[in-house]
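A.B. asks: Next comes the sequence, and after it the predicted model I'd like to discuss.
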Amino acid sequence: MTKLGHLTQAAALAAVVATAGAAGPAIAAPADVALLKSYIGEWRGRGVLVGANQETVVCRLTLSQGNQDKVNYNGRCTLAGSNLSVAGTLAYVDANKRFEAAMTSNASFSGIAVGQKRGGGLTFNLRERNKDEAGKDLNISAQIHLSADAIKVSFDVVYVESGDSLRAEVPFSR
């Protein structure tokens, strides 16, 4: 099994925690804006990253009012003695007729996730291909589910060549 480096773990976690930030103007129905704004506040999460080893992941996430009808977020996770920072914006992008989230991180990862209403909440899915610090191809799959008074982040990272993987679920609460 491939030993997964701290930067790889951070990039993988970045794909998860930092799904946010839409480009272009957002013009949303009042209910869509209200749904996004209902998540504004301070969130804390703790989970386990499973790969070659198991490691505890401890995160905090702040969602705040952004420009127009957008919601900004800033997050930080501690993993194996490393810190991962993520930032972005959640919005309903009228031109694309969908919720979008984009993120940037200190682990050289950025991406845009598409969100859909499910039940009374939102689910954002991100699928990306990236490279680790050694240049090996990774498939990254992340889901962020915002419902009622909870946020749940799940992700899988698979090394294309070896099939080795990282998996994590981090539940957040206020």
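C.D. replies: Perfect, thanks for sending it.
A.B. asks: Where does pLDDT dip in the chain?
C.D. replies: Where the chain drops to pLDDT under 70, the residues are 1-28, 107-109.
A.B. asks: can you map out the helices along it?
C.D. replies: Assigned helices in the chain, in chain order: 6-17, 30-37 (criterion: DSSP state H).
A.B. asks: Now do the contacts for I144.
C.D. replies: Neighbour list for I144: V16, T19, A101, A113, T123, F124, L126, I151, K152, V153, S154 [criterion: C-beta atoms under 8 Å, 6 or more residues apart in numbering]. Bear in mind the C-beta positions are built from the backbone N, C-alpha and C, glycine included.
A.B. asks: Highest neighbour count among these?
C.D. replies: Using other C-beta atoms under 10 Å as the neighbour test, the contacts of I144 are led by V16, with 32 neighbours.
A.B. asks: Is H145 in contact with V170, as I believe?
C.D. replies: No. Taking contacts as C-beta atoms under 8 Å, H145 lies outside contact range of V170: 11.2 Å.
A.B. asks: Kindly reformat the contacts of I144 as a markdown table containing distance to Y92.
C.D. replies: Formatted as a markdown table, these follow (distance: C-beta to C-beta, whole Å):
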| residue | distance to Y92 |
| --- | --- |
| V16 | 22 |
| T19 | 15 |
| A101 | 11 |
| A113 | 13 |
| T123 | 14 |
| F124 | 12 |
| L126 | 17 |
| I151 | 18 |
| K152 | 21 |
| V153 | 20 |
| S154 | 23 |
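A.B. asks: What is the nearest of those residues to I40?
C.D. replies: When these are ranked by distance to I40 (C-beta to C-beta), I151 comes first, at 12.0 Å.
A.B. asks: And for the residue nearest to that closest one when sequence neighbours are not counted, the neighbour number?
C.D. replies: Using C-beta to C-beta, 6 or more residues apart in numbering and skipping the chain neighbours, the partner closest in space to I151 is F172 (4.0 Å). When neighbours are counted by other C-beta under 10 Å, F172 registers 23.
A.B. asks: ok, now which ones touch F172?
C.D. replies: So F172 contacts W43, R44, G45, C59, L61, A150, I151, K152, V153 (C-beta under 8 Å, 6+ apart).
A.B. asks: Just these: which are in strands?
C.D. replies: W43, R44, G45, C59, L61, A150, I151, K152, V153 (DSSP state E).
A.B. asks: got CSV for those, with distance to N74 too?
C.D. replies: Output for the ones in strands among the contacts of F172, formatted as CSV (distance: C-beta to C-beta, whole Å):
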residue, distance to N74
W43, 11
R44, 13
G45, 14
C59, 11
L61, 7
A150, 19
I151, 14
K152, 19
V153, 15
